[in-house]
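> model the following, please.
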Amino acid sequence: MTLFHRKAAPIVIYSIVWLIAISAFWLADLSGDAMAYSLLVIYLLLPATTLTMSYLIGHDDRWGKMKWVAPVFFGEMYMLAEYFTFSLANMLANETINAPEFTMVLTGMVISLVAMGLGAFVQTRLRREK
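Down below sits the predicted model:
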C-alpha cells in the first residue's frame, strides 16, 4: 500500500461508514424505529468511527500539519449526517427549509480532537521508549 493510500485510509473508511449510515436511513423502513436509528447511528456508530479514525490520524506522523484539518472534516460530516437524515426528512414532509445544526460541527470536532490528542500522545510515548 502506498503512502497516499495509508494516509487516506481513515478518511475513506469514515466516508464509507457515513454513506452506509445515511443510505440505511433512507432505504430502511424506520417507522417506529427512528429513535433506535438515532441512538445507534448518530450517537454511537458515527462518534465511535470518528474516535477510531481520529486516533489513527493523530498517531500517524505522515499527516504533518494537515492532521489538524481532520477535526473540521469530522465535525462537518457529523453535522451533515443529521442534516441529510432527520432534518431532510422533516423538510420534505413539511415543505420547509431548516438550517443546519452547527453545534453538531463542534461536537464532532471535539470528539475528533480528543482522539487525535490521544493518538499523538501515544505516538510520542512510543517514540520516547525507543
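> where in this protein is pLDDT low?
Residues of the chain meeting the criterion pLDDT under 70: 1-5, 31.
> can you map out the helices along the protein?
3-27, 34-37, 46-59, 70-82, 88-94, 103-129 (DSSP state H).
> so Phe25 sits against Leu40, correct?
No. Between Phe25 and Leu40 there is no contact under C-beta atoms under 8 Å: 11.0 Å. Using the backbone N, CA and C atoms, a C-beta is placed for each residue, glycine as well.
> between these two, which one's more packed in?
Phe25 (20 against 14; other C-beta atoms under 10 Å).
> contact partners for the residue nearest to the more buried one when sequence neighbours are not counted?
Setting aside the residues directly before and after it, Phe25 is nearest to Thr85 in space (C-beta to C-beta, 6 or more residues apart in numbering), at 4.3 Å. Thr85 sits next to 22, 25-26, 37, 42 when contact means C-beta atoms under 8 Å, 6 or more residues apart in numbering.
> repeat that for 10 Å
With contact taken as C-beta atoms under 10 Å, 6 or more residues apart in numbering, Thr85 is in contact with 21-22, 24-26, 30, 34, 37-38, 41-42.
> please apply the same query to Leu39.
Leu45.
> how close does it sit to Pro71?
Remark: distance between Leu39 and Pro71 (C-beta to C-beta, to the nearest Å) = 24 Å.
> this completes my enquiry, with thanks.
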